[in-house]
Structures are given as structure tokens and as C-alpha cells.
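In: What shape does this take:
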Amino acid sequence: RKAWEALVPVYNAVILMKIINRPWWWVILLFIPIINLIMFPVIWVETARSFGRNSTTDTWLAILTLGLYIYYINYALEVSH
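Out: Just a heads-up that it's a prediction; the model follows:
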């Protein structure tokens, strides 16, 4: 994807939904109180899975680190591949 897409508010969330193969309207759910508290961990786990991290350990790491595990997968593991 293009770097500028990450800088545009809301549009970047739509692009993320495309990357994780989820419907665009999930972005709307991120703006609904209480529902968004459920949606953020779901999106973290789905993003980790799009990187091929499907184990139970990966799921828990994505949730317990509040999504920072995705940063680790993307940048720290990128060097080793």
C-alpha cells in the first residue's frame, strides 16, 4: 500500500479492513461506544493473523500487548526473513 494512505484519518481504517479481509462498515463500529472496546482487540488479532500468526500464543500476545505485538511482527521479525 501507499504510505499516504496511513496518514488519512478514517480512510486508513478502511484500508486496514481491506488488508484483513473484513467489510468496510467495521470502521463504523469503531466509533460506537462499548462496541469499539470489543472491536479493537478483534482487529489486532485479525491483523496478526494476516501476517500468518495464527497460534493461540500469537492471539494472546496481540491482546495483552494492546496491539503492540503487531509492531513487533512487522518491524522486528522483518529483519530475520
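
In: list the buried ones in stretch 29-47?
Out: 39, 43, 44, 45, 46, 47 (16 or more other Cβ atoms under 10 Å). C-betas here are computed from N, CA, C, even on glycine.

In: all helices of this protein, in order?
Out: For the chain, applying DSSP state H gives helices covering 11-19, 26-29, 35-50, 56-64, 68-71, 77-80.

In: Arrange those helices in CSV, one row each, with mean pLDDT and distance to residue 3 as further columns.
Out: Converted to CSV, the helices of the chain look like this (pLDDT from 0 to 100; distance: least, Cβ to Cβ, whole Å):
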stretch, mean pLDDT, distance to residue 3
helix 11-19, 95, 11
helix 26-29, 96, 20
helix 35-50, 95, 18
helix 56-64, 96, 24
helix 68-71, 94, 16
helix 77-80, 66, 16
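
In: Pipe the ones you listed into TSV and attach distance to residue 4 per row.
Out: Listed next are the helices of the chain as TSV, based on distance: least, Cβ to Cβ, whole Å:
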stretch	distance to residue 4
helix 11-19	10
helix 26-29	18
helix 35-50	20
helix 56-64	26
helix 68-71	20
helix 77-80	21
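
In: For residue 12, the count of nearby residues, please.
Out: 15 (other Cβ atoms under 10 Å).

In: Actually, residue 66.
Out: 11.

In: For it, which non-adjacent residue is closest in space?
Out: Counting by Cβ to Cβ, 6 or more residues apart in numbering, residue 66 lies nearest to residue 44, which is 7.7 Å off, once chain neighbours are set aside.

In: in terms of contact, does that neighbour touch residue 70 like I think?
Out: Yes: in this structure, residue 44 is within contact of residue 70 by Cβ atoms under 8 Å, at 6.3 Å.

In: Please identify every residue contacting each of the two.
Out: The contact sets of residue 44 and residue 70 overlap at residue 62 (Cβ atoms under 8 Å, 6 or more residues apart in numbering).

In: Can you get me the start-to-end distance on stretch 4-13?
Out: 13 Å (Cα to Cα, to the nearest Å).

In: Now that stretch: buried residues?
Out: By neighbour count on 16+ other Cβ under 10 Å, the buried set for stretch 4-13 is residue 13.
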